[in-house]
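J.: Predicted model, plus sequence, below.
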Amino acid sequence: MRLFLSGLRKLVRRQATWLTLGLLAGLLALIVVAVGATANRPGASSNERAAALSLVTFPGAYDAILSFILGLGGLFAVIYGAAIAGSEWTFGTLKNAVARGESRSRYTLFSFASIAVVIAVGLVAAFVIGVVAALVGAHLAGTATGGLSDGATLGRLPGQFARGWLAIIEEGALGFTIATIARSQLAGIGAGIGLYFGETFAGIFLPDIVKFLPFNVATASVATGATGGGFGGGARIASLEPNTALVLVAFWLVGSLAVAALFTERAEISG
Amino acid sequence: MTGTDGLALATRGLAKRYGSQVALAGLDLSVPTGTVYGFLGPNGAGKTTTMRLLTGLIHPDAGSIELLGRPFGRHDRHRLFDVGALIESPAFYPFLSGRQNLRELASTGAPVEGGRIEELLDLTGLRDRAGDKVSTYSLGMKQRLGIAAALLSNPTLLLLDEPANGLDPAGIVAMRETLRHLASLGKTVFVSSHLLAEMQQMADIVGIIAAGRLVREGPIGELLNAEGIVRVRVAPDEVVRATAALGAFGGPDAVTSSAAEPGWISVRTTPERTGEVNRALAGAGIWATGLETGNDLEMLFLGLTGGEPVPGGEGTFFGLAGSGPGPGSSGTGSVA
């Protein structure tokens, strides 16, 4: 427990945590407010206007905001996971823990558990900021906000959050594992981003294979039908059924963490 | 492992390779409990590799390690609960303060007593800066924090890799006194260092490693006595005759002279035989104008690890070959 709490304290004090959340929430707020402010601009077609208003009209805005967070959040999670895991090697702090007799795999897994909790909090915070921004956008667009308290949509949100969180931490786990194997923050971040976009690119040529790969299953597992998985990459190919994808998300998550723990357990730590 | 009673740390046949490069080639260390053990060796001799092996950061290709009387292998990490270590440069989270770093480190490994962190911040003189981020610390302050981190769990065995790096003179003296104090409490301190004069003042026992093997180990007094030297100064035109006379006394291999110091001749012998050296010269009709006795760790070190320093090579510090003091300059008693 003390290892887990220590991991949380370290993450809260890291610039990377606040920068990642700030970027995600800031982009989301900026886009939503800008869309609201320009929805009724002169010259916009009725289709453009309808599309813009869907982002700031509740209850549909809930799905749109969540879709944005889960889409772009996947890329941010890869980078964040890589940054945290890589820094243990780059700073040399893993060495300190091992030299004190700490279990390498326990240290690795509790570090990730802390990341998972911080991601959960970050998702909720970004969502709240997104909803506030959508309210501002709705006000600017002159749209009613009566759907804000739509019971059916609000009832679905916890389940969607849970699935989204699992998908995001799976993507974070990939970055975490890549950086662990690379033993470097920068190499981990670079390789994680490369894998993220590489998978999307490979989907053009090998859709039947790529749909089982981690970023695609993450996006497919949170597909709501209405928004289809959303912004920021991921499933743009024939996706798996959400529940099947969720099982694969769990597989990739557990697999990634097992690889990270095993690698750390067996690694020769120098430097 | 046998024959390790009374030892806080013992290695037998410890071997480690990095690819084709041999880092350790069968290291046998015996570190008695309650002593300060100076682990000396030139760059690349295998000191840091040994430290990494002793803390489980890497694993040996062959040989065995015994920590505090019990075998230490891949699955014996709990043995490290009684060990404190500072390996290479101190590593901390730069975005945390010194105090926060110690606090987070305390959440790993052995439990840490309440109040221990503040006690260590006092001990290492860091209390005033304990709330500042480590990224603002000087090298010396990070080193102090590293020593504090090593002492966090009040370890029975302390492994310190070049702990004096970056410390100012007052810091070095304080560290020496602290380590001596710990040894007086029955703890064992294993220190690797390049600072030979510092080791000479601090260590009870030294082990000298070269090319991955232990080339000498023993109580520092005994080693230095065995490696004593007497230097005499004669008129420059009498050097040849004096060398011959002293060669007859101590053997030709025991006598050396250097063009860098005209008139000075060194005789490898114990300081107790200084009078006999003087008598040998007098017997040849030569009167010494200077006479020094000495025995220093640097001479012993250079002799065992490769002799004359080579620029840029082993036994060279910052590329200044032979920049150290001559024999007799440390721990000497001048009678000239």
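T.: On my side now, so go ahead. Residues are numbered from 1 along each chain as shown, chains lettered A, B, ... in the order given.
J.: With adjacent residues omitted, what lies nearest to the residue of the stretch 101-250 of chain A found nearest chain B?
T.: Residue nearest to chain B within the stretch 101-250 of chain A: residue A:101 (3.3 Å; C-beta to the nearest C-beta). C-beta coordinates here come from the backbone N, C-alpha and C atoms, glycine included. Counting by C-beta to C-beta, 6 or more residues apart in numbering or on different chains, the nearest residue to residue A:101 once its immediate chain neighbours are dropped is residue B:80, at 3.3 Å.
J.: next one: residue B:182
T.: residue B:189 (5.8 Å).
J.: does the one you found sit in a helix, a strand or a coil?
T.: In three-state terms, and counting by DSSP: H, G, I helix; E, B strand; the rest coil, residue B:189 is strand.
J.: Whether stretch A:91-99 contacts chain B - can you check?
T.: Yes: using C-beta under 8 Å from any C-beta of the partner chain, stretch A:91-99 reaches chain B at A:91-93, A:95-99.
J.: if we can go back for a sec, what's around the residue of the stretch 101-250 of chain A closest to chain B, how many residues?
T.: 21 (other C-beta atoms under 10 Å in any protein chain shown).
J.: can you map out the helices along chain B?
T.: B:47-54, B:98-106, B:116-123, B:139-150, B:169-184, B:196-202, B:220-226, B:239-250, B:274-283, B:297-305 (DSSP state H).
J.: Residue A:88 and residue A:98 touch, don't they?
T.: No: contact between residue A:88 and residue A:98 fails when scored by C-beta atoms under 8 Å: they sit 10.3 Å apart.
J.: got the contact list for residue A:256?
T.: Counting by C-beta atoms under 8 Å, 6 or more residues apart in numbering or on different chains, residue A:256 touches A:170, A:173-174, A:176-177, A:214.
J.: where in the chain is pLDDT low?
T.: Just so you know, I chose chain A. A:224-238, A:271 (pLDDT under 70).
J.: Chain B, not that one
T.: B:1-4, B:294-296, B:299, B:303, B:306-336.
J.: Please repeat the previous calculation with a cut-off of 80.
T.: Low-confidence segments of chain B (pLDDT under 80): B:1-5, B:194-197, B:221, B:223-228, B:258-261, B:271, B:293-336.
J.: For it, list the residues in contact with chain A, please.
T.: Within reach of chain A by C-beta under 8 Å from any C-beta, chain B has these residues: B:52, B:55-59, B:77-81, B:83, B:85, B:87-89, B:91-96, B:100, B:103-105, B:107-110, B:149, B:152-153.
J.: Using ChimeraX, define a selection of the buried residues within those.
T.: Remark: buried members of the residues of chain B next to chain A, expressed as a ChimeraX selection using 16 or more other C-beta atoms under 10 Å in any protein chain shown:
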select /B:52,55,56,57,58,77,79,80,81,83,85,87,88,91,92,93,95,96,100,103,104,105,107,108,109,110,149,152,153
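J.: how does chain B divide into domains?
T.: Domain assignment for chain B by automatic domain parsing gives B:7-218, B:228-294+B:306-334.
J.: what's the closest of those to residue A:151?
T.: With C-beta to C-beta as the criterion, residue A:151 lies closest to domain B:7-218 of the domains of chain B, at 43.7 Å.
J.: That closest one spans what distance, first to last residue?
T.: Its first and final residues considered, domain B:7-218 spans 13 Å by C-alpha to C-alpha, to the nearest Å.
J.: returning to that earlier point: the residue nearest to residue B:182 bridge partners, please.
T.: Residue B:189 has these beta-bridge partners by DSSP bridges: residue B:36, residue B:158.
J.: Neighbours of residue 204, how many?
T.: All of this refers to chain A. Residue A:204 has 10 nearby residues by other C-beta under 10 Å.
J.: The chain in question should be chain B.
T.: 16.
J.: State the distance from it to chain A.
T.: Going from residue B:204 to chain A by C-beta to the nearest C-beta, to the nearest Å gives 24 Å.
J.: hang on, the earlier thing: please indicate which of the contacts of residue A:256 are buried?
T.: Buried, going by 16+ other C-beta under 10 Å: A:170, A:173-174, A:176-177, A:214, out of the contacts of residue A:256.
J.: quick one: buried residues of the lengthiest helix in chain A?
T.: Determined from DSSP H, the single longest helix within chain A is helix A:104-141. Counting neighbours by 16+ other C-beta under 10 Å, one finds that the buried residues in helix A:104-141 are A:104-120, A:122-123, A:126-127, A:129-131, A:133-138, A:140-141.
J.: Contacting chain B as well, which ones from these?
T.: Restricting these to contacts with chain B (C-beta under 8 Å from any C-beta) yields residue A:107.
J.: what residues does chain A put near chain B?
T.: Residues of chain A lying near chain B by C-beta under 8 Å from any C-beta: A:2-3, A:5-6, A:9-10, A:13-15, A:87, A:91-93, A:95-103, A:107, A:268-271.
J.: correct me, but residue B:195 touches residue B:164?
T.: Yes: judged on C-beta under 8 Å, residue B:195 makes contact with residue B:164 at a distance of 5.5 Å.
J.: can you list residues touching both of the two?
T.: With C-beta under 8 Å, 6+ apart, residue B:195 and residue B:164 have common neighbours residue B:172.
J.: Not counting its neighbours along the chain, what's nearest the residue in the stretch 151-300 of chain B that chain A sits nearest to?
T.: Nearest residue of the stretch 151-300 of chain B to chain A, counting by C-beta to the nearest C-beta: residue B:153, 7.1 Å away. In space, and not counting its chain neighbours, residue B:153 is closest to residue B:110: 4.1 Å by C-beta to C-beta, 6+ apart.
J.: just residue A:7 next, same as before
T.: Nearest one to residue A:7, counting by C-beta to C-beta, 6+ apart, is residue A:114 at 3.0 Å.
J.: what residues are up against the one you found?
T.: Contacts of residue A:114 (C-beta under 8 Å, 6+ apart): A:4, A:7-8, A:10-11.
J.: Show only the entries of those found in helices.
T.: Per DSSP H, the subset of those in helices is A:4, A:7-8, A:10-11.
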